[in-house]
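Peer 1: Pasting the sequence and the predicted coordinates here, then a few questions.
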Amino acid sequence: MSLPAFAADMSLSARAHRVATVAAEFADRVDHDGRFPREAVDAMKAERLIGIQIPAAFGGEGASITEIAEVCSILGQACAASAMVFAMHQIKVSSLVEHGGDSEWHRDFMRELAGRQLLVASATTEGGIGGNMRNSICAIEVDGDVCRLTKDATVISYGAHADAIMVTSRSNDKAAPTDQVMTVFKQGQYTLQKTVDWDTLGMRGTCSDGFLFRGEAPSVQIFPKPFAEIAAQSMLATSHLLWSAVWYGIAADAVLRAQAFVRAAARKAGGTQPPGALRLAEASNLLQLLKAGILSGLRIYADAKADHDQLSSMAFSIAMNNVKLASSETILTIINQAMIICGIMGYKNGTPYSLGRHLRDAHSAQLMISNDRILGNTSTMLLVQKPDTSLLG
Amino acid sequence: MNETIRELLTRVGGLPVAVTELEDGADLYAAGLSSFASVQLMLGLEEAFDIEFPDSLLNRKSFASIAAIEQTVSHILKAREAA
Ligand SMILES: Cc1cc2nc3c(=O)[nH]c(=O)nc-3n(C[C@H](O)[C@H](O)[C@H](O)COP(=O)(O)OP(=O)(O)OC[C@H]3O[C@@H](n4cnc5c(N)ncnc54)[C@H](O)[C@@H]3O)c2cc1C
């Protein structure tokens, strides 16, 4: 017997599918109990998906955002909470990869992250500020080689389960609210005192509790670039694209369930068209639109990455905002259609056609950076930005 | 031009510091210029100099400091003269 016969398929998609199988098995329990998807995250680590974005030179695989989006979508079809944990981690890693290369500490951290498969969480949201990520109240205190930070972080997904947290703050106690930096704190360098319980409608497994964060670390762990640049050049785009990929996964699974329902009905109906068939066609149309929007966003990002001016242009921000707005709204329409198709079998928990979890998870999309806030930003930019009306541009 | 820019900044910039205290090269974002205020500033500049910023110049860099704004505006004015 030859050795390759034993070897597992190590393509990214095969590894993602193996993790998805684990995530699917525990998805309902994770949701019901509002607990961390430990099994799925362990499987991500075992398949070494946590470090895929790190460049090969630092021990990763240099996976692109497009490849990572595909993993998010595969996981999203199994367990949205697990997929969202993976997506949020990769968003933090994108900042590290794009903006940490010039700093020795951040390069070492990339090696450690890939080697030990460290899960990274994010603390941007702050009490008194809400979702306005580009403002901070708290300020980091740099005291020689050491920095200290206390933050009223009202939402830190999987904060209690992370191996490191990236935290935004003002750059010093005299700085304006927009003069921000981001700092990596590793487990052991901070304490988290729980202030808010994450008992929510959906995305329950993300365990996004609120904490009083208190950290102390070597000051070299502060990113050497202003957070404004990090936000514009990596976080904005990767958040909207990878979140959208997760949401696409939720909607795609809902359409699959609706299609299975219609097909079963068609078999029984013996020649007549089942009542849900037309709605299914509509849902399939919307799903394709959703997919097209995300794919176009991924292409725009890949093109813009080659040119930093383009990455911080208004046209680019508007395009990314539009991907987020469209996907977060469209998934609700799609899953609702699927629910009407499956009827009571979709409404009930524990059937092969159940859609309650999908619908509840999907409702978080409009709030993850409030769509009203995003519309507000886009509308401001449209006062001066001149759109490119060409079809291919 | 420098004066007009400073006047506009004072009116729409919403900065927590006095504009007279800012050096020409000072980073306006670090001084507290929000993205909303930066758009108001662009609109004001378009009105004051009777210009339109092309999309290629609508990025953070073009409006990062008073000196950068002077450069951006001069660039557009020169391009217009040449045309
Ligand atoms: C599943 C999930 C996971 C998350 N994980 C994290 C995490 O790991 N780390 C983290 O830091 N954050 C996280 N967040 C927080 C998230 O990114 C947003 O910051 C947060 O949801 C915004 O909270 P808010 O709605 O209270 O605040 P706001 O954005 O302040 O909005 C409050 C309300 O006011 C309205 N509003 C406010 N400002 C404007 C405006 N300018 N224009 C128009 N309307 C406005 C909005 O419509 C909204 O209804 C997570 C959120 C979710 C749902």
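Peer 2: Perfect, I can see it now. Just so it is clear, the structure is predicted and the values come from calculations on it, not from any experiment.

Peer 1: Skipping its backbone neighbours, what lies nearest A:His106 in space?
Peer 2: In this structure, A:His106 finds its nearest non-sequential neighbour in A:Gly100, 3.0 Å apart by CB to CB, 6 or more residues apart in numbering or on different chains. No exception for glycine: its C-beta is placed from N, CA and C like everyone else's.

Peer 1: what residues are up against that neighbour?
Peer 2: A:Gly100 is in contact with A:106-107, A:109-110, A:223, counting by CB atoms under 8 Å, 6 or more residues apart in numbering or on different chains.

Peer 1: So for residue 36, what's the pLDDT?
Peer 2: All of this is about chain A. Per-residue pLDDT puts A:Phe36 at 98.

Peer 1: ah, I was thinking of chain B
Peer 2: On pLDDT, B:Phe36 comes in at 86.

Peer 1: and what of A:Ala43?
Peer 2: We have a pLDDT of 98 for A:Ala43.

Peer 1: before we move on, which element is it in?
Peer 2: Assigned by DSSP states H and E, A:Ala43 falls within helix A:38-46.

Peer 1: Helix, strand or coil: sort out whatever residue of chain A ends up closest to chain B for me.
Peer 2: Going by CB to the nearest CB, chain B is nearest to A:Ala176 of chain A, at 3.1 Å. Three-state call for A:Ala176 (DSSP: H, G, I helix; E, B strand; the rest coil): coil.

Peer 1: Touching, A:Met110 and A:Val97? I think so.
Peer 2: Yes - contact criterion CB atoms under 8 Å: A:Met110 and A:Val97 qualify, at 7.1 Å.

Peer 1: anything in contact with each of those two?
Peer 2: Both A:Met110 and A:Val97 are contacted by A:54-55, under the criterion CB under 8 Å, 6+ apart.

Peer 1: which residues make contact with the helix or strand of chain A with the lowest mean pLDDT from outside it?
Peer 2: Least confident helix or strand, chain A: helix A:308-311 with a mean of 82, by mean pLDDT, DSSP states H and E. With CB under 8 Å, 6+ apart as the test, helix A:308-311 has contacts from A:232-233, A:237, A:303-305, A:316, B:56, B:59, B:61.

Peer 1: From the residues you listed, list just the buried residues.
Peer 2: Neighbour counting over the contacts of helix A:308-311 (16 or more other CB atoms under 10 Å in any protein chain shown) leaves A:232-233, A:237, A:304-305, A:316, B:59 as the buried ones.

Peer 1: Please list which of those are also close to the ligand.
Peer 2: Filtering these for neighbours of the ligand using CB under 6 Å from any ligand atom leaves an empty set.

Peer 1: that older thread, quick one: name whatever helix or strand follows the least confident helix or strand of chain A.
Peer 2: Following helix A:308-311 toward the C-terminus (DSSP H and E): helix A:314-342.

Peer 1: After that following helix, which helix or strand is next? Please name it.
Peer 2: With elements assigned by DSSP H and E, the helix or strand that comes after helix A:314-342 is helix A:344-347.

Peer 1: how close does the nearest residue to A:Thr238 once chain neighbours are set aside sit to A:Ala237?
Peer 2: Nearest residue to A:Thr238, sequence neighbours excluded (CB to CB, 6+ apart): A:Ser94, at 4.3 Å. Taking CB to CB, to the nearest Å as the measure, A:Ser94 falls 8 Å from A:Ala237.

Peer 1: intersection of neighbour lists for the two?
Peer 2: Residues touching both A:Ser94 and A:Ala237 (CB under 8 Å, 6+ apart) are A:Ile65.

Peer 1: All set now, cheers.
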